[in-house]
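> Sequence first, then the predicted structure:
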Amino acid sequence: MALPARGKAKIVAITVDPDDAVLDRLMSDLTPDFIQLHGREGPARVREVAVRTGAGVIKAIAVAGADDVAAAADYAPVADHLMFDAKTPPGSAIPGGAGKAFDWTLLADIRFDRPWFLAGGLDPWNVAEALRRTRAPMVDVSSGVERGAGLKDPALIQSFLEAVRRA
C-alpha cells in the first residue's frame, strides 16, 4: 500500500495487545516504522514484537502514580521509545486516549536511557506547562486538537505546534 506520508513522516501502527497474526498483517499491509503498544504487554512481549516485526517499538506506560513511572525502567532495554500516558479509570473500555492528564511532576526529575514522549490530556493551552514541568523531549497529542470526537481541527493543531515551539 502506498502511503502519502511515507518518506515524509514516520508511520506508527497503534495497537493494544496485538497477537502475532495482527503483527504479521500490519507488517505485510502497512509496513510501519514503529509499532506502538498500549496494552498489557510485558517487557518479554515488547522484545518479541521488536524481533518479529523488525519495526521500532513504542511502549505506552499508563501512569497514575510514581510506581507506574518506576516500572518504565523494565521496558528501557527492549523498547525504542517510552510513552507516558494517563492511566484510564478502572473499568474503562479503552486503554488510553481518554484526554486526561496525570500528575506531570511524577516525571520532573526522571531521566531515561530511551527517548520518551509525554501524552495524555495535552492541548494548546497546557502543553507549554507540561513541557516546563517534565522536560519531555517529545509530546503526543490526539483529542487535545479535536473539535469533536475524532475530528481534528487544523487551527488547534497549528496552535498546539506553536505552543510547543514557544515552550
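Right, received. Where do you want to start?

> hey, let's count contacts and neighbours off CA atoms from now on
Noted.

> strands paired with the helix or strand bottoming out on mean pLDDT in the chain, and their directions?
Within the chain, no helix or strand scores below strand 146-148, which has a mean of 91 by mean pLDDT, DSSP states H and E. Next to strand 146-148 in the sheet, as set by DSSP bridges, lie strand 151-152 (antiparallel).

> what about the helix or strand just after the partner strand, average pLDDT?
Beyond strand 151-152 on the C-terminal side, the first helix or strand identified by DSSP states H and E is helix 154-166. Mean pLDDT, helix 154-166: 96.

> what about helix 154-166, distance to the chain center?
Helix 154-166 sits 18 Å away from the centroid of its parent chain (Cα atoms, centre = their mean, to the nearest Å).

> next one: stretch 69-87
Centroid separation between stretch 69-87 and its chain, computed with Cα atoms, centre = their mean, is 10 Å.

> now stretch 112-130
In terms of Cα atoms, centre = their mean, the centre of stretch 112-130 is found 10 Å from the chain centre.

> tell me the mean pLDDT for that stretch?
Here stretch 112-130 scores 94 as its mean pLDDT.
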